[in-house]
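> what's the 3D shape of this:
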Amino acid sequence: NISTYGFRGEALASISHVARLTILTKTRESKCGFKAEYSDGKLVGAPKPTAANQGTTITVEDLFFNVPNRLAALRSSAEEFNKISEVMTRYAIHNSGVGFTLKKAGETGVTVKTMPANSILDNIRCLYGPSVAKELIEFEFENERYKVKSKGYITNVNYSVKKFTFLLFINHRLVDSGALRKSIENVYASYLPKGMSPFVYLSLEIDPANVDVNVHPTKHEVFFLHQDSIIEKFQQALEQKLLNSNASRTFYTDRLLPESIGAKIDFQIPSSSGGEKTTAPKDMIRTSSTDQKLDKFFMTTPKESSTNTINSTPGVGAQSKNESENGKISCADSEFRECKLTSVKTLRKQFQAEGSQVAREMFANHTFVGCVNRKLGLFQHATKLYLVNTHTASIQLFKQLLLRDFGNIGVIKLNPAPSLKELALLGLENPEAGWSPDDGDKTELADFVISTLFKHREMLDDYFSLQMDFVDGVESVIGLPLLLDDYCPWLAGLPLYILRLATEVDYTDEVECFRGFIQETARFYAVPCKSGARMDLDQHKSQSKSSTSDDQIKDSEEEGWKFTIEHVLYPAFKKILLPSQACLTDRSLLQIANLPDLYKVFERC
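Reported below is the predicted structural model:
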């Protein structure tokens, strides 16, 4: 006939044997309170009279101070506190007439707090959130034959989450019943999407003589008499309740605010219109892209042939799966998949919030002037000349493309496919990897790279088109993301890129995983600053020493990367790039001349 919370006081007595226990109590009629202290299960001195509020306060300190083996088995403070919080949250919901407050030592905030006047529904709303509370329906079940009565709240068919939250109280004790839990899951399986679960709070009242609490060492799980028959009746009542609540379904969608219509990563700046007016000479700007560029002012020798187009025909290294009839590589995809992942939407919002509309307007209306070197370029906007860090801007561009085309990215096929292990070993040899003997054996680290990337290869292929598979029994990279038409990353950086994907990306958290992958991929695809690096597919073609001189090879490489920057990257900057606000302060976008100021200088001369 066990029906009390503490098993006839066993729990409190047990605590006094393994902790320092203090009880402070005062009745309504008593003039003062009394304080009693216990240690090793024994009363320390006589109870002492003391000032106290009406009620009882029990303080437990130095838990397991005299049982070192049990003390060592305790987990971290945070984990133990989370368990306490979970139990207290459930009791706070069930005991709606009592106020509960839970605070963590050393912190000012309150983890659990309910008011005595709250109802059970109010407590659920307070502790589990309004999204759960608004979908709750009251549930009652009673069977006189088996002397069982139940009441509680269950979510309707509009609510579903991945983790099943089941709060079960039998005779006002927090317990669990595997059979009852499974029966509820079976009923909801007919209404909820696969893999989704409801929220259920139940309070059962059963004859204490029919409850067996000795089936679990901590008395957490219970069995009861006529269990199968009671659960069958319970399932029927639950099924009927859900059928009655299934007359209508509610679907929630995100409303697009009016001011957010233009807040997209890929947007165009509207051109201003107005009547014609006379422009002063100092305010005249170049508007035709056919005007001569900076290169015209440098002495160059004519060449018999010039690489004025970027062909997708593979050389030693790459080919694209999205080849059009005219030989150009393209990122277009006939079937566009809309991304509904909350993590991606969050990253897109963060990218948009960090963007600068001022810098966007400059890039959207610029006129390319020329390349200073691989890292720096010049463009004109209005009457001003700007020095641009092309490398930094390209990183921002490829981040934007990875977020915009998430799940819809083309692929560059690698043929022959390089071995993952060889790439990892080459990456460890790179000084930028920072490998030292203390980091471990290179072969073991290479195996770690392979296992990490192969474990997530399906996700990387589906979302980012980074393809890996077995080629002749060897783990290999068979495809890279195709982010921009007529652009291919410098494949000499592939080993370090593969290494960093395995070591710098946190695959345990979805948002951090996507953020880390996008960051590393953008770094790999960015314009390389090293001499000899190229970004066109001709970088893979082997040059014959017998037919081509060193000067011709050098001139071809020089012309190749300049052509790609001018005709591929900067047009992409003009069309879609949303620069970050930092570019206006970190000298990534630096004004070096202003036409009106130059006129003033010439006038003084």
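
> residues touching Asn118, list them.
For Asn118, the contacting residues are Ser96, Cys126, by Cβ atoms under 8 Å, 6 or more residues apart in numbering. C-beta here means a position set from N, CA and C on the backbone, and glycine is covered the same way.

> From Ile154, how far out is it?
Counting by Cβ to Cβ, to the nearest Å, the separation of Asn118 from Ile154 is 19 Å.

> again, but for Leu494
Leu494 sits 54 Å away from Ile154, going by Cβ to Cβ.

> just Pro130 next, same as before
Going from Pro130 to Ile154 by Cβ to Cβ gives 17 Å.

> what does Tyr463 give?
Distance from Tyr463 to Ile154, by Cβ to Cβ: 36 Å.

> Over to Pro418?
Applying Cβ to Cβ to Pro418 and Ile154 gives a distance of 56 Å.

> These two: who's more crowded?
The neighbour comparison of Pro418 against Ile154 (other Cβ atoms under 10 Å) goes to Ile154, with 22 against 19.

> Doesn't the more buried one lie inside a strand?
Yes. Using DSSP: H, G, I helix; E, B strand; the rest coil, the assignment for Ile154 is a strand.

> got any ranges where the stretch 451-600 of the chain has weak pLDDT?
For the stretch 451-600 of the chain, applying pLDDT under 70 flags the ranges 538-558, 599-600.

> Tell me where it has helices.
Using DSSP state H, counting those that start in this stretch, the helices of the stretch 451-600 of the chain run over 457-464, 494-503, 510-525, 550-564, 570-576, 595-604.

> Go through the longest one and flag the buried ones.
If you call a residue buried by 16 or more other Cβ atoms under 10 Å, then helix 510-525 has these buried ones: 513-525.

> Name the nearest of those residues relative to Glu61.
Cys513 (42.7 Å; Cβ to Cβ).

> could you measure that closest one against Ala446, distance?
Where Ala446 is concerned, Cys513 sits at a distance of 22 Å (Cβ to Cβ).

> Sketch out the strands for the stretch 51-200 of the chain, chain order is fine.
With DSSP state E, counting those that start in this stretch as the definition, the stretch 51-200 of the chain shows strands at residue ranges 55-61, 101-103, 110-113, 136-143, 148-155, 165-170, 173-175, 199-206.

> okay if I get these as TSV plus mean pLDDT?
Listed next are the strands of the stretch 51-200 of the chain as TSV, based on pLDDT from 0 to 100:
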stretch	mean pLDDT
strand 55-61	92
strand 101-103	92
strand 110-113	91
strand 136-143	93
strand 148-155	94
strand 165-170	93
strand 173-175	89
strand 199-206	94
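
> To Tyr386, which of these lies closest?
strand 110-113 (52.8 Å).

> Give me the buried stretch members for stretch 439-457, please.
Buried residues in stretch 439-457, counted by 16+ other Cβ under 10 Å: Leu445, Ala446, Val449, Ile450, Leu453, Phe454, His456, Arg457.

> starting at the chain centroid, how far to it?
Computed by Cα atoms, centre = their mean, to the nearest Å, the chain-centroid distance of stretch 439-457 equals 23 Å.

> Pull the residues that contact it.
With Cβ under 8 Å, 6+ apart, stretch 439-457 has contacts from 420-421, 424-425, 427-428, 435, 460, 466-469, 475, 498-499, 501-503, 507.

> what's the closest non-adjacent residue to Gly25?
One correction, residue 25 is Thr, not Gly. Distances taken as Cβ to Cβ, 6 or more residues apart in numbering place Thr56 nearest to Thr25, at 4.2 Å, with adjacent residues excluded.

> pretty sure the one you found contacts Thr27?
No. Using Cβ atoms under 8 Å, Thr56 is not in contact with Thr27; the gap is 9.3 Å.

> in the stretch 301-450 of the chain, which spans are strands?
Secondary structure of the stretch 301-450 of the chain by DSSP E, counting those that start in this stretch: the strands cover 318-320, 367-371, 376-381, 384-389, 410-414.

> As CSV, could you dump the C-alpha coordinates of the fourth one?
Put plainly, it is strand 384-389. The C-alpha trace of strand 384-389 is given here as CSV (Å, rounded to 0.1, in the frame of the first residue of the first chain):
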residue,chain,number,x,y,z
LYS,A,384,36.2,58.0,-57.8
LEU,A,385,38.9,55.4,-58.3
TYR,A,386,39.0,52.5,-55.8
LEU,A,387,41.7,49.9,-55.0
VAL,A,388,40.0,46.6,-54.3
ASN,A,389,41.3,43.6,-52.5
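
> counting contacts, what elements does that strand pack onto?
strand 376-381, strand 589-594 (3 or more Cβ pairs under 8 Å, 6 or more residues apart in numbering; DSSP states H and E).

> For the contacts of stretch 439-457, which ChimeraX command selects only the ones that are buried?
To isolate the buried members of those in ChimeraX, using 16+ other Cβ under 10 Å:
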select :420,421,424,425,427,428,435,460,466,467,468,475,498,499,501,502,503,507
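
> residues contacting Leu484?
Taking Cβ under 8 Å, 6+ apart as the criterion, Leu484 is in contact with Cys331, Leu397, Phe398, Leu401, Tyr525, Val568, Leu569, Ala572.

> For it, give its distance to Phe398.
Taking Cβ to Cβ, one finds Leu484 at 8 Å from Phe398.

> between these two, what contacts are shared?
Counting by Cβ under 8 Å, 6+ apart, the common neighbours of Leu484 and Phe398 are Tyr525.
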